[in-house]
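**Q** Please work out how this folds:
(one chain, ligands or ions: 1)
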Amino acid sequence: MSKPKVLLTRKWPASVEAAASRLFDVTVNPDDRPLSRADIREALENYDAVMATVTDDVKSGTFTNLKPKAKILANYGVGYSHIDLEGATAAGITVTNTPDVLNDCTADLAMTLLMMAARRAGEGEREVRAGKWTGWRPTHLIGTSVTGKTLGIIGFGRIGQAMARRAHFGFGMKILVQSRSPVAADILAETGAVQVDTVENLLPECDFVSLHCPGGDVNRHLINAERLGLMRSTAILVNTARGEVVDEAALAEALKSGEIAGAGLDVFEEEPKVHPGILECENAVLLPHMGSSTSETRVGMGMRALRNIEQFFNGEVPGDKVN
Ligand code: DGY
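**A** Alright, predicted model coming up:
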């Protein structure tokens, strides 16, 4: 029996590409070129499985009048707000993601951003590299302490919980949580976290706010001008979730006017574009969507995506089916 034809839309870690090639008739993307909407549609019509990533535009319109050969779209990544789930379901396509394997890695990066923004590490690095450092002095690049402060976590899934552990056990932080549904008492108890009923009630209480909720329309501009106005002028916002969760124009204004003290961002509304106002803010630490970028995690994500299509082609329901 011939092997299923599988397309990897981007370059994957070599060991995962090798594993994929042993199992399937794989087409890789050695140039790592982003595919257009038309390319994706063509792939869905010509392959048995398409293994996509966050850079693929699989939003509404992708599935309109499509005659898919592919019955599975396996996303390499946990977030899937770039995929029109309803459209895929209507077209009879199973969608999967890669949860769990990137929890620690993403929480590590959220903590990195929190620390960098608090301690003005981006500004310091730019100063040293520009040859502008004039030496130690008592008032140079004064940041804010992290230990013992209050961290608000919006979205308390697996990554949010991993962030809470780092902040609580590593830095003695008090944890406040806002989540759509009630969080189980034993999960809150692990880090002494307290669940707050609304975002409005959480924001004024926090020295740091870290976003760990899903993206997509449901959370678009969850952090907007009004809510930024509820944050403390000394507070720092961290976003490793999805760019659309924050209104970037409003954030740029808040950072410039001193409404909040700083931000650490790994994700942006129109990646790889960054709002020009944000780029002007010295008090923003900006990273290029690298929350899951360790070799261990990227291999783990690839293997998890492969497991999903293996299960699918074995006639099982893939473990990480999301529709
Ligand atoms: C994820 O896994 O969601 C990362 O953000 C890459 O898509």
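**Q** isn't V50 right next to K71, touching?
**A** No - using C-beta atoms under 8 Å, V50 is not in contact with K71, being 10.2 Å away. Quick note: C-beta positions are derived from backbone N, CA and C, even for glycine.
**Q** Of the two, give the one with the bigger neighbour count.
**A** V50 (28 against 15; other C-beta atoms under 10 Å).
**Q** if we look at the one helix or strand that one maps to, which residues are touching it?
**A** Counting by DSSP states H and E, the element that carries V50 is strand 49-52. With contact meaning C-beta atoms under 8 Å, 6 or more residues apart in numbering, strand 49-52 is reached by 4-9, 12, 20, 24, 40, 43-44, 58, 70-76, 83, 305, 309, 312-313.
**Q** anything in that strand near the ligand?
**A** No - on the criterion C-beta under 6 Å from any ligand atom, strand 49-52 is out of touch with the ligand, staying 9.7 Å away.
**Q** for the next helix-or-strand element following that strand, packing partners?
**A** Once strand 49-52 ends, the next helix or strand along the chain (criterion: DSSP H and E) is strand 72-75. The contact analysis (3 or more C-beta pairs under 8 Å, 6 or more residues apart in numbering; DSSP states H and E) places strand 72-75 against strand 49-52, strand 94-96, helix 295-313.
**Q** How about the residues of the stretch 1-150 of the chain by the ligand?
**A** Residues of the stretch 1-150 of the chain lying near the ligand (C-beta under 6 Å from any ligand atom): 54, 77-79, 102.
**Q** Please read the previous query as pertaining to the stretch 151-300 of the chain.
**A** So far as C-beta under 6 Å from any ligand atom goes, the stretch 151-300 of the chain lies against the ligand at 291-292.
**Q** show me where the stretch 1-150 of the chain has helices.
**A** Counting by DSSP state H, counting those that start in this stretch, residue ranges of the helices within the stretch 1-150 of the chain are 14-23, 37-46, 85-90, 103-118, 121-129.
**Q** V196 is nearest to which of those?
**A** helix 103-118 (19.0 Å; C-beta to C-beta).
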